[in-house]
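A.B. asks: this one's structure only:
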C-alpha cells in the first residue's frame with residue numbers, strides 16, 4: 001500500500017483524476033511522525049502540502065512534550081500548512097479542555113485545523129456524540145476565534161451511512177466565520193444515495209463559500225478520480241454555477257490557507 005501513498009503515487013493519482021494539488025496527513029493520525037509527512041510532501045512542494053498531527057495517547061503524562069514538538073513541527077517543517085485531528089480515532093472528546101491548547105497553537109500560527117467529524121466504519125473508533133458531533137466543538141470555536149476549524153467529512157455518518165451531523169456542520173458554518181466544512185468520502189460509492197441530498201442542503205443553506213473540497217483519497221487506485229466525478233456530477237445536477245463549483249473545488253482552499261489561486 002505504501003507505494004500508493006508515496007509522493008510519486010499520490011501525484012499519479014492526482015494526474016489521472018485531473019487534480020492539481022493534494023493535502024497529505026499521516027498514515028495514522030497522531031502516530032506517524034510529522035517529519036515523515038514533511039519528507040513526503042518535499043517530493044513535489046508545489047503540489048503536495050502537509051498537515052501536522054499530535055500524539056494524545058499518553059496526554060496526562062507527556063502533553064507538554066507533545067505540544068512543544070507539535071508547535072516546532074508547525075513552525076519549522078516546510079510545507080506544513082495545517083493540522084489534522086481525528087477525535088473519534090484518537091479517543092478524545094471534542095469538548096475536553098485539556099486539549100484546547102492545540103487550538104490555541106493553531107490560531108497563533110495561522111494553521112487551520114481539519115477535524116474528522118461523525119463516525120467511521122473502521123474498527124476501534126468511537127461513535128458516541130462527544131467524539132463525533134461537531135456540536136461539542138462549539139465552545140472551542142467560540143473560545144478561539146482566530147483558529148480556523150474545518151469540519152472534515154461535513155458530518156457524514158459513514159458507519160450508519162446517514163447525514164446525521166450535516167445540519168449541525170452547516171449551522172456552525174453559518175454562525176461562525178472561523179468554521180468551514182470538507183466533504184471527503186461523500187463522493188464515494190458508500191455515500192452515493194445521500195450525496196444529492198448533501199449537495200442540495202449546501203446549496204439551500206447558501207454555504208458554498210464555506211465548503212472546501214476534499215476526497216479522503218487515495219483509498220485505492222482510481223478513487224480520487226471517481227470521487228471527483230461523482231461530486232461534480234451532483235453539483236451540476238443541483239444547478240450549481242461554474243463559479244460556485246470552482247469556489248468549492250479550489251478557491252475556498254486558496255483563501256482559507258492563504259495560497260495562490262490554482263489553474264484548473
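C.D. replies: Yep, it's here. Source: prediction; values computed, not measured.

A.B. asks: Every contact and neighbour count from this point should use C-alpha atoms.
C.D. replies: Fine.

A.B. asks: so how far is stretch 34-41 from its chain's centroid?
C.D. replies: 18 Å (Cα atoms, centre = their mean, to the nearest Å).

A.B. asks: cool, stretch 54-73 as well?
C.D. replies: So, by Cα atoms, centre = their mean, the centroid of stretch 54-73 is 21 Å from its chain's centroid.

A.B. asks: what does stretch 257-264 give?
C.D. replies: That offset, for stretch 257-264, works out to 17 Å (Cα atoms, centre = their mean).

A.B. asks: Can you name the residues in contact with it?
C.D. replies: 20, 81, 111-112, 250-251, 253-254 (Cα atoms under 8 Å, 6 or more residues apart in numbering).

A.B. asks: ok, those vs residue 136, which is closest?
C.D. replies: Using Cα to Cα, residue 112 comes nearest to residue 136 of the contacts of stretch 257-264, at 18.3 Å.

A.B. asks: Next, the contact list for the closest one, please.
C.D. replies: Taking Cα under 8 Å, 6+ apart as the criterion, residue 112 is in contact with 81-83, 106, 147-150, 256-257.

A.B. asks: Among these, name the buried ones.
C.D. replies: When the contacts of residue 112 are checked for burial by 16 or more other Cα atoms under 10 Å, the buried set is 81-83, 106, 147-150, 256.

A.B. asks: Which of the residues you listed fall within strands?
C.D. replies: If you go by DSSP state E, the buried ones among the contacts of residue 112 have 81-83, 149-150 in strands.

A.B. asks: returning to that earlier point: please produce JSON lines containing the buried ones among the contacts of residue 112, extended by pLDDT and distance to residue 41.
C.D. replies: Formatted as JSON lines, the buried ones among the contacts of residue 112 follow (pLDDT from 0 to 100; distance: Cα to Cα, whole Å):
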{"residue": "81", "pLDDT": "97", "distance to residue 41": "11"}
{"residue": "82", "pLDDT": "97", "distance to residue 41": "13"}
{"residue": "83", "pLDDT": "97", "distance to residue 41": "14"}
{"residue": "106", "pLDDT": "98", "distance to residue 41": "20"}
{"residue": "147", "pLDDT": "99", "distance to residue 41": "24"}
{"residue": "148", "pLDDT": "99", "distance to residue 41": "22"}
{"residue": "149", "pLDDT": "99", "distance to residue 41": "23"}
{"residue": "150", "pLDDT": "99", "distance to residue 41": "21"}
{"residue": "256", "pLDDT": "98", "distance to residue 41": "20"}
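
A.B. asks: Mind giving me the PyMOL select for the contacts of stretch 257-264, buried ones only?
C.D. replies: A single PyMOL command is used to select the members of the contacts of stretch 257-264 judged buried by 16+ other Cα under 10 Å:
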select buried, resi 81+111+112+250+251+253
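
A.B. asks: ok, residue 91 to residue 183 distance?
C.D. replies: Counting by Cα to Cα, to the nearest Å, the separation of residue 91 from residue 183 is 22 Å.

A.B. asks: The two - which one has more neighbours?
C.D. replies: residue 183 (23 against 14; other Cα atoms under 10 Å).

A.B. asks: what's around the nearest residue to that one once chain neighbours are set aside, how many residues?
C.D. replies: Using Cα to Cα, 6 or more residues apart in numbering and skipping residues adjacent in sequence, the residue nearest residue 183 is residue 153, 4.4 Å away. Residue 153 is flanked by 28 other residues according to other Cα under 10 Å.

A.B. asks: can I assume residue 153 is in contact with residue 114?
C.D. replies: No. With contact defined as Cα atoms under 8 Å, residue 153 and residue 114 do not form a contacting pair (9.7 Å).
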